[in-house]
Every structure is written in structure tokens, then in C-alpha cells.
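Participant: Fold the following for me, if possible:
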Amino acid sequence: MLRHLAKTLALVVALSVGAGAAYADTTLKGAGATFPHPLYSKWFRDYQAEDPSVTFSYEAKGSGHGIKRIISGEVDFGATDKFLTDQELKGAPGKLLHVPTVIGAVAVAYNIPGIGAGLKLTPQALAGIYQGKITKWNAPLLAKLNPKLRLPAQEIVVVHRSDSSGTTSIFTDYLSAVDKSWATSVGKGTSVAWPVGEGAEGSSALVKKIGETPNSIGYVEIAYALENDLNTAALKNKSGKFVKANVLSTRAAAVQAMKKQTGKALSAEPDFRLSLVDQPGKESYPVVGLTWLLVYQEQRDAVQGKKLVEFLRWQLRKAEKMTSTLHYTPLPDTWTRQVEQTIDSIRVPQ
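Facilitator: Reported below is the predicted structural model:
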């Protein structure tokens, strides 16, 4: 089931230990989010084809890991789906920049034997399942939402991330926005005290657990769900429409969010720390988030810094064209100049 992602990961590893590394002069080290990992893996591979002097080493162990490693100075970039607060930024040894790369959707995947596509969930139903208030698939609320599905009288197996995860941050940000009881009892963050459920470390492990566990439900970046043939639920959005996660519904949500944030994004010093969940619009999917690369504005090493900036410019100008094939959504064109401005502000020693 995970064959595709395994191949992708193998290719990334090959960049560090294979023949390409024999003539690579510079290794850019990164760590963090699994949310964009399938896409970043392709970017790293394609970029090395353009610049063989660079190779990449990336530890996909969750956003919390990426934040920790970049703050400690152990990597050249940290990848995260959860933006840092002002207080967290103050804890870094230098000024950290949030460079947004793409937009992704967090899908609610499920494995109900005998039930294929078509499951519908409201915010209250989803929050109820993850709070342990709704415990069986044929519960009255779920049955009412899905009259055409013969939902079984089976216990719901709730699956969540056990590591510090940006995907969890987006998912719990959404639940906090749409359900008051969730906001007050559980809240949001890269790690929360889950009321119920089984944990899985990393997106790949979560996908595997859902695929192997009958009557399970979990949340995962849409690329992982689609690549592994998992069914995903249609969620009721702010406009009252049931929408599934895809490139179009993700972009629709992003467009709505950008309308509200235009003034902030176009400021003298762009700040791309935005939440995109629960946006209005009939076509908007409600669980959407940005993902960022965290880099220091003041680079310590001239060569590493120069190569990092070159890569960041490349992914902004060229790599966004690759996003849709892996089910991610590129940044709006109106953001290009502002993101470029952020990248240009990185200072490299001479």
C-alpha cells in the first residue's frame, strides 16, 4: 500500500548516499513535516538534476521535530505546517523567516468494510467521534447524515498522530474553530491530549494503520490518502455544502482566506503566518493549511546559505508547477512577489 511513498523516500535517500553524492559539494539539511514530504522529495530530486553540486538530507519526523531542529541550529531549514507564535520566535537564536511553499488539505480517511466512497460528516459529527461521544458507525447522527449507506453497528476505531505534527495542528485548529466543546476541552496544537483513539507516528504509519484496521477513521494530508487508495469523507463546510478534499476545493478555500489577509500579506514585511481552516464559500474544503520552510534570515555559512537561497528561489518560480500532480495546491500568483521579498531578505556572509 505504501509502495509509492517508499519509492519516493528511497529516491531521496539515494541523493545522499548514491552516485549523485559523489560529486555533490554541498548538503542542505532539513527536518520536519511529513505533510509535504511526498512533494519535497520530488523537489529535492529534480533540483539536484539542475544543480548536481547540491544534495539534500531530510528527516520527515513531524513539524515539531523540524521546529526543534531549526531552533537548535542542527539543520539548514525546518519544515512545518504549524506557524510559530511570536513567543516561540523569540526563543530562536536568530530571526526565523516563514517561507510558505504550498497549500494542502487534511483529508478524513476511513476504512469501513462494505462501505466505499460517499461518507458525509458534519463538524459536530467529526468532533464527536474524536471526543469519544460518537462511538459506533450506525450512531443516529451518522445514520441521519448518510441514509444511503448501510453503516455497520461496529465500534469506531479512532486513529490520530502520536508525534508532534503539523497535520494535527491543522486538524485541531479546524475542530477548535467549528466546535466550542472541542475548543474548550481539547484545543489545538501539534500535540494534544486526545480523549480517545490509537496513535501512529508519522503520516505513513497513520495511513498504514487505517488501511489495516477495519472500521477506522483518521486524518492525513490528501496526497497520502489518494496515493494509498483510502476513501475520504465529504465534510460540511461553512456554507453548508458537503465538499471533498481535492485541488479545486483546496484552492477555493485559499482564495477566500487570501481575501481577508491581503493587507497583511502585502505589508512592508510580509507575514505569512495564516490559518486557512473553515473558510466561507460553497466550493471551499474546510480543513486546509499552509506549509512553510523555516530559515534564518542571517545565514552562518556562505556556501550553505547561497545554495539554500538558490533552492528557495527555484521552488518558488518553477517547482509550484509540479504541485498539482501530487495533489497539493500552489500559492496564489499574487503572493509570488511577497514570498520572493522574504527570500531576498536572507543575508549570506560574503
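Participant: Quick check: residue 154 vs residue 84, distance?
Facilitator: Separation of residue 154 from residue 84 (Cβ to Cβ, to the nearest Å): 41 Å. The C-beta positions use only the backbone N, C-alpha and C, and glycine is treated the same way.
Participant: More neighbours: which of those two?
Facilitator: With other Cβ atoms under 10 Å as the criterion, residue 154 and residue 84 differ in neighbour count, and residue 84 comes out ahead with 20 against 14.
Participant: who's in contact with the more buried one?
Facilitator: Residue 84 makes contacts with 67, 92, 96, 98, 273, 294, as judged by Cβ atoms under 8 Å, 6 or more residues apart in numbering.
Participant: Find the residue ranges of this structure scoring beneath the pLDDT cut-off.
Facilitator: Along the chain, segments meeting pLDDT under 70 span 1-24, 260-269, 320-322, 324.
Participant: In it, where's the longest strand?
Facilitator: The longest strand of the chain (DSSP state E) is strand 96-111.
Participant: what pairs with it, and is each one parallel or antiparallel?
Facilitator: The sheet places strand 96-111 alongside strand 216-221 (antiparallel), strand 231-232 (antiparallel), strand 288-296 (antiparallel), strand 329-330 (antiparallel), with pairing taken from DSSP bridges.
Participant: could I get the contacts of residue 84 as TSV with neighbour count and distance to residue 193?
Facilitator: As requested, the contacts of residue 84 are exported to TSV (neighbours: other Cβ atoms under 10 Å; distance: Cβ to Cβ, whole Å):
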residue	neighbour count	distance to residue 193
67	27	20
92	17	26
96	20	28
98	20	27
273	17	25
294	25	26
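Participant: What is the three-state secondary structure of the closest residue to residue 105 other than its chain neighbours?
Facilitator: Nearest residue to residue 105, sequence neighbours excluded (Cβ to Cβ, 6 or more residues apart in numbering): residue 245, at 3.9 Å. Per DSSP: H, G, I helix; E, B strand; the rest coil, the secondary structure class of residue 245 is coil.
Participant: What distance do you get for residue 245 to residue 257?
Facilitator: Distance from residue 245 to residue 257, by Cβ to Cβ: 16 Å.
Participant: Strands of this structure, start to end?
Facilitator: Under DSSP E, the chain gives strands at 26-32, 54-60, 77-80, 96-111, 120-121, 157-161, 198-200, 216-221, 231-232, 234-236, 242-243, 288-296, 329-330.
Participant: Among those, which comes closest to residue 145?
Facilitator: Distance to residue 145, taken as Cβ to Cβ, is lowest for strand 120-121 among the strands of the chain, at 4.9 Å.
Participant: Parallel or antiparallel, list what pairs with that closest one.
Facilitator: The strands beside strand 120-121 in its sheet (DSSP bridges) come out as strand 234-236 (parallel).
Participant: Tell me which residues of the partner strand come out buried.
Facilitator: Within strand 234-236, the residues scored as buried using 16 or more other Cβ atoms under 10 Å are 234-236.
Participant: tell me the domain ranges of the protein?
Facilitator: Domains of the chain are assigned by automatic domain parsing as 3-104+289-344, 106-249.
Participant: Just confirm residue 296 contacts residue 95, I think it does.
Facilitator: Yes - Residue 296 lies in contact with residue 95 (Cβ atoms under 8 Å); the separation is 6.8 Å.
Participant: which one of these two has more residues nearby?
Facilitator: Per other Cβ under 10 Å, whichever of residue 296 and residue 95 has more neighbours is residue 296, with 22 against 13.
Participant: dump the residue contacts of the residue lying closest to that one once chain neighbours are set aside.
Facilitator: Take residue 296 and drop its neighbours on the chain: the residue closest to it by Cβ to Cβ, 6+ apart is residue 94, 4.8 Å away. Residue 94 makes contact with 296-298, according to Cβ under 8 Å, 6+ apart.
Participant: TSV please, covering the residues you listed and showing distance to residue 283.
Facilitator: What follows is those, written out as TSV (distance: Cβ to Cβ, whole Å):
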residue	distance to residue 283
296	38
297	37
298	42
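Participant: ok, the residues you listed vs residue 214, which is closest?
Facilitator: Nearest member of these to residue 214, counting by Cβ to Cβ, is residue 296, at 46.8 Å.
Participant: tell me the contacts of the closest one?
Facilitator: So residue 296 contacts 70, 92, 94-97, 346 (Cβ under 8 Å, 6+ apart).
Participant: Many thanks, have a good one.
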